[in-house]
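# Here is the input, now give the coordinates:
(chains A and B)
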Amino acid sequence: DAKTTQPTSMDCAEGRAANLPCNHSTISGNEYVYWYRQIHSQGPQYIIHGLKNNETNEMASLIITEDRKSSTLILPHATLRDTAVYYCIVTYPYSGAGSYQLTFGKGTKLSVIP
Amino acid sequence: DTEVTQTPKHLVMGMTNKKSLKCEQHMGHRAMYWYKQKAKKPPELMFVYSYEKLSINESVPSRFSPECPNSSLLNLHLHALQPEDSALYLCASSQEKGRALLNTGELFFGEGSRLTVL
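Numbering: from 1, shown residues only, chains lettered A, B, ... in the order given. Predicted structure coming up:
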C-alpha cells in the first residue's frame, strides 16, 4: 500500500513559488518525510527531509503539519530547470543497520511554465 | 567527489547476449543499490548491498545477477533478458545506516543505464 498521496501533476509560473503537497496520514511517530526529484532522463536527486519541524536548505523548504499527516515542499522561486517529477517518501532511516530502503510512489510531475 | 558513475549510458542487446552494467562511487559509502525504472513509472528497488554483501533481493528474476566486487563497485550482470526488461537501470549509494546520527538517509543516484532488449 502506498504510504503517500500526491497530485499527479501541477503547473507553476516561472519565478513564482511552487507548493507541492503530500498526504501521509498513516505516518508513524518515528518516520521521516523525504523529498526527491527526478529531472527527465536523470537519476533521482535528494532535496530535503524532516521529522516534525519545518526545514529549509538551499534548494527548498519543507513544511510539515503539526499532526504530521501532510507536508508541503516549497520551491521559493521556480525556474524552468525545476521541471521534474517530485517524489514524497515516508521512511524511518535509523532502524537496523546497513542500508536504507526508499520506496518511490508515483510522484507529482511539476511543469514550470515561462 | 559526490558522484555515482554508471556505464554504459546506453546498451542494446539481444535476448541471447550476456552483458554487464557497472556502477562506481568514491564517497566511501558502504551501501549500494540497483533500481529499475520503466517509462513513466517510479523507480523500483531490485537489489541492495550492504558492506559488500547482498542484503535485499526484491524477488528479481535470476537473469539479473548482481555483484559487488569491492566497496566502490557494483555490477549487474545480464543474461537471457526479455524485451520487457528494457528500462532505465539506476544505481545508488548511501552511507551505512549504523552511523545514524551522522547520516541524512540520503541516497546518491547515478544517471542510469538505458537498456534496450531486442
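# Look up phi and psi at the most centrally placed residue in chain B.
Compute the mean C-alpha point of chain B, and by Cα atoms, centre = their mean the closest residue is B:Trp34, 2.6 Å away. According to degrees, to the nearest 10, the main-chain angles of B:Trp34 amount to phi -120, psi 130.
# That one contacts B:Phe47, doesn't it?
Yes - with contact defined as Cβ atoms under 8 Å, B:Trp34 counts as touching B:Phe47 (4.6 Å). Every C-beta, even on glycine, is put in place using the N, C-alpha and C of the backbone.
# hey, what's in contact with both of those two?
Residues touching both B:Trp34 and B:Phe47 (Cβ atoms under 8 Å, 6 or more residues apart in numbering or on different chains): B:Pro66, B:Leu76.
# which one is the spatially most central residue of chain A nearest to, not counting chain neighbours?
When Cα atoms, centre = their mean is applied to chain A, the residue found nearest the centroid is A:Trp35 (3.0 Å). Counting by Cβ to Cβ, 6 or more residues apart in numbering or on different chains, the nearest residue to A:Trp35 once its immediate chain neighbours are dropped is A:Ile47, at 4.3 Å.
# Would it be right to say that that neighbour lies in a helix?
No - under DSSP: H, G, I helix; E, B strand; the rest coil, A:Ile47 falls outside any helix and is assigned strand.
# Roughly how far does B:Phe64 sit from A:Gln101?
The gap separating B:Phe64 from A:Gln101 is 18 Å, by Cβ to Cβ, to the nearest Å.
# thinking again about what came up before, any idea which element the residue nearest to the centre of chain A lies in?
strand A:32-38 (DSSP states H and E).
# Adjacent strands (with direction) for that strand?
strand A:45-50 (antiparallel), strand A:84-91 (antiparallel) (DSSP bridges).
# C-alpha coordinates for the lowest-mean-pLDDT helix or strand in chain B, CSV please?
Ranking every helix and strand in chain B by mean pLDDT, DSSP states H and E puts strand B:53-57 at the bottom, with a mean of 86. Output of strand B:53-57 as CSV, limited to C-alpha atoms (Å, rounded to 0.1, in the frame of the first residue of the first chain):
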residue,chain,number,x,y,z
LYS,B,53,27.1,-8.4,1.0
LEU,B,54,23.7,-8.8,-0.7
SER,B,55,21.2,-7.8,1.9
ILE,B,56,18.0,-7.3,-0.2
ASN,B,57,16.8,-9.1,-3.3
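# For residue 99, give me the pLDDT.
Defaulting to chain A. pLDDT for A:Ser99: 71.
# I was thinking of chain B, sorry if that wasn't clear
So B:Arg99 comes in at 51 (pLDDT).
# which residues of chain B score low on pLDDT?
When residues are selected by pLDDT under 70, those of chain B lie in B:1-2, B:97-103.
# Give me the packing partners of the least confident helix or strand of chain B, helices and strands only.
Judged by 3 or more Cβ pairs under 8 Å, 6 or more residues apart in numbering or on different chains; DSSP states H and E, the packing partners of strand B:53-57 are strand B:44-50, strand B:64-70.
# Show me what that strand pairs with in its sheet, parallel or antiparallel.
Strand B:53-57 is paired, per DSSP bridges, with strand B:44-50 (antiparallel).
# contacting residues around the strand it pairs with?
Against strand B:44-50 from outside (Cβ under 8 Å, 6+ apart): A:97-99, A:101-104, B:30-37, B:54-58, B:60, B:64, B:66, B:68, B:74, B:76, B:96.
# Would you list the buried entries among those residues?
Buried subset of those (neighbour count, 16 or more other Cβ atoms under 10 Å in any protein chain shown): A:98-99, A:101-102, A:104, B:30-37, B:56, B:60, B:64, B:66, B:68, B:74, B:76, B:96.
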